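>>> With the input below, show me the fold.
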Amino acid sequence: MTETTQPDAAIEQKRKEAYFTASQGQLIWTRFRRQKSAVVAAWVLVVLILSGIFAPFLTPYDPTIAGRDKEYLNGAPQIPRFWDENGFSWRPFVYSYERERSIKTNFRWVTTKKTGLEDRRYVRFFVEGSPYRLFGMEFRTRLFGVDRGQIHLFGTDSAGKDIFSRTFHAIKTSMAVGTIGVLIAFVLALIIGGISGYYGGWVDSLLQMFTDAIRTVPAIPLFMALAAFIPDTWSAEQRFFFISIILGFIGWPTLARRVRTHLLSERNQEYVLAAQLCGASSGHIIRRHLLPSFTSYIIVDLVISFPYMVLSETALSFIGLGLKDPVNSLGVMLQNVTDADVLLNYQWYFIPVIFFITLVLAFVFVGDGLRDAADPYSDTRK
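Sure, this is the predicted structure:
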């Protein structure tokens, strides 16, 4: 009995020593791994981010030009299969089709599948397609395609563009807008919050008045005014960067308040006084001593702010104040789902909505998990 308890006690002692000697980042990671929902959400988020980054390779067509299928407008999703009434096939395939206008459906397109053995279109992997650029280099190899014709896993829209390709490129665009907006908000929050919290006094009062003024600006009326200001001659890239910058300029006050609060409580600590006596400048003290003391909380705030940036871009594009075609973003793709014709006849337009909800929920779960993991008292409350 004694021989079995001694190794267990030694292991427990080592765990305690590792806990009390671990860095702040190691403690946060340990607490984060205990939350199964946050870990699953993190994996989902990684998959979505990678799918957006490698969207040109993962999708069969260019979402704006090369993917257009004039013979399959508002076409239903084509699901690959391995067998039908003609027998089993080791290679996945989709059917060929015929389309015609029908009097019974008010001259809508009616699709008739050709189910003959010779009408199978076999799916192929690593096919050569239209050129695209990835990481500054040009490629032509795409993950999959068919031996003849085209394949549309999520169907097509009214212009014949492939919704599968548009969805993955939209994730990339929305993430890019959110990243630029978060970075701008992050830099402004650190500068304004750091100066306000470190100096205090009239500097703090003046900067807090400015912060409160920014917080009270209503976002929707602001963007309505800016939408009227944006010239119609602006390219999609110019509109993209303009929306990203504006989202960043109105998204920094919350983080700035948290930075200010922390610096107000830390600026009178002994290590700050020691740095001042050594002749360190104010910028050096803020940058090298005060801000690193709560880096984990800043990271958590950044992760939590991402879904709000993505939601803002999506909402603005959805109401027509943000990005527009030919840019592919989640907000642009959601513009069509409110059409009554789409609700009744083209339900596959809602597939990007599923990806949008999954992306936002993944960010929310990861942010909540990091927030709980960064709380030093989270273990004592359980």
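>>> Tell me the buried residues in stretch 215-231?
Across stretch 215-231, burial judged by 16 or more other CB atoms under 10 Å covers residue 223. Backbone N, C-alpha and C define where each C-beta goes, glycine included.
>>> per-residue confidence averaged over it?
Mean pLDDT, stretch 215-231: 77.
>>> just the strands in the protein please.
For the chain, the strands defined by DSSP state E occupy 81-84, 87-102, 108-114, 120-134, 137-146.
>>> I'd like those strands as JSON lines, with mean pLDDT and distance to residue 45 appended.
Formatted as JSON lines, those follow (pLDDT from 0 to 100; distance: least, CB to CB, whole Å):
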{"stretch": "strand 81-84", "mean pLDDT": "86", "distance to residue 45": "31"}
{"stretch": "strand 87-102", "mean pLDDT": "80", "distance to residue 45": "28"}
{"stretch": "strand 108-114", "mean pLDDT": "62", "distance to residue 45": "36"}
{"stretch": "strand 120-134", "mean pLDDT": "89", "distance to residue 45": "21"}
{"stretch": "strand 137-146", "mean pLDDT": "91", "distance to residue 45": "21"}
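>>> Quick check: which of these is nearest to residue 267?
strand 120-134 (46.6 Å; CB to CB).
>>> got the domain boundaries for this protein?
Split into domains by automatic domain parsing, the chain comes to 57-161, 167-374.
>>> what about the strands of the chain, which gets the closest to residue 265?
Ranking these by proximity to residue 265 (CB to CB) places strand 120-134 first, at 46.5 Å.
>>> Quick check: neighbours of the closest one in the sheet, parallel or antiparallel?
strand 87-102 (antiparallel), strand 137-146 (antiparallel) (DSSP bridges).
>>> Just the buried residues of that strand, please?
Buried residues in strand 120-134, counted by 16+ other CB under 10 Å: 120, 121, 123, 129, 132.
>>> Now do the contacts for the last one.
Contacts here follow CB atoms under 8 Å, 6 or more residues apart in numbering; on that basis residue 132 touches 56, 57, 62, 138, 139, 140.
>>> Give me the residue ranges of the stretch 151-300 of the chain where confidence is low.
236-237 (pLDDT under 70).
>>> Would you map the helices across it?
For the stretch 151-300 of the chain, the helices defined by DSSP state H, counting those that start in this stretch occupy 163-199, 201-215, 219-229, 236-249, 253-266, 270-277, 282-285, 295-318.
>>> Please work out which of the ones you listed is packed deepest.
For the helices of the stretch 151-300 of the chain, the largest average neighbour count (mean count of other CB atoms under 10 Å) is found in helix 163-199, namely a mean of 22.
>>> what's the angle from that helix to helix 236-249?
Helix 163-199 and helix 236-249 are oriented at 40 degrees to each other (axes from the mean of the first three to the mean of the last three CA atoms, to 10 degrees).
>>> Would you point out which residue is most central in this structure?
Nearest to the geometric centre of the chain sits residue 175, at 3.9 Å (CA atoms, centre = their mean).
>>> which one is that residue nearest to, not counting chain neighbours?
residue 52 (5.4 Å; CB to CB, 6 or more residues apart in numbering).
>>> Against residue 40, how distant is that neighbour?
Noted for residue 52: a distance of 19 Å to residue 40, by CB to CB, to the nearest Å.
>>> Looking at these two, which has the bigger crowd around it?
Neighbours per residue (other CB atoms under 10 Å) separate residue 52 from residue 40, with residue 52 holding more: 21 against 14.
>>> was I right about that one contacting residue 177?
No: using CB atoms under 8 Å, residue 52 makes no contact with residue 177, being 11.6 Å away.
>>> re earlier: which one (most neighbours) among the contacts of residue 132?
Busiest of the contacts of residue 132 [other CB under 10 Å] is residue 56, holding 22 neighbours.
>>> my read: that one touches residue 131, true?
No: judged on CB under 8 Å, residue 56 makes no contact with residue 131 at a distance of 9.4 Å.
>>> sorry, back to before: let me have the strands of the chain in JSON lines, extended by distance to residue 30.
Output for the strands of the chain, formatted as JSON lines (distance: least, CB to CB, whole Å):
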{"stretch": "strand 81-84", "distance to residue 30": "45"}
{"stretch": "strand 87-102", "distance to residue 30": "43"}
{"stretch": "strand 108-114", "distance to residue 30": "54"}
{"stretch": "strand 120-134", "distance to residue 30": "36"}
{"stretch": "strand 137-146", "distance to residue 30": "37"}
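>>> For residue 181, find the nearest of those.
Minimum separation from residue 181 across the strands of the chain (CB to CB) falls at strand 120-134, 23.5 Å.
>>> then the closest one to PDB, C-alphas only?
Output of strand 120-134 as PDB, limited to C-alpha atoms (Å, rounded to 0.1, in the frame of the first residue of the first chain):
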ATOM      1  CA  ARG A 120     -22.200  10.500 -65.400                       C
ATOM      2  CA  ARG A 121     -19.600  13.200 -64.800                       C
ATOM      3  CA  TYR A 122     -16.900  11.800 -62.600                       C
ATOM      4  CA  VAL A 123     -15.200  13.900 -59.900                       C
ATOM      5  CA  ARG A 124     -11.500  14.300 -60.300                       C
ATOM      6  CA  PHE A 125      -9.000  15.600 -57.700                       C
ATOM      7  CA  PHE A 126      -6.100  18.000 -58.200                       C
ATOM      8  CA  VAL A 127      -7.300  19.200 -61.600                       C
ATOM      9  CA  GLU A 128      -5.900  22.100 -63.700                       C
ATOM     10  CA  GLY A 129      -8.300  25.100 -63.800                       C
ATOM     11  CA  SER A 130      -8.300  28.800 -64.200                       C
ATOM     12  CA  PRO A 131      -5.200  30.500 -62.700                       C
ATOM     13  CA  TYR A 132      -5.300  32.100 -59.300                       C
ATOM     14  CA  ARG A 133      -2.800  33.700 -56.900                       C
ATOM     15  CA  LEU A 134      -1.900  32.400 -53.500                       C
END
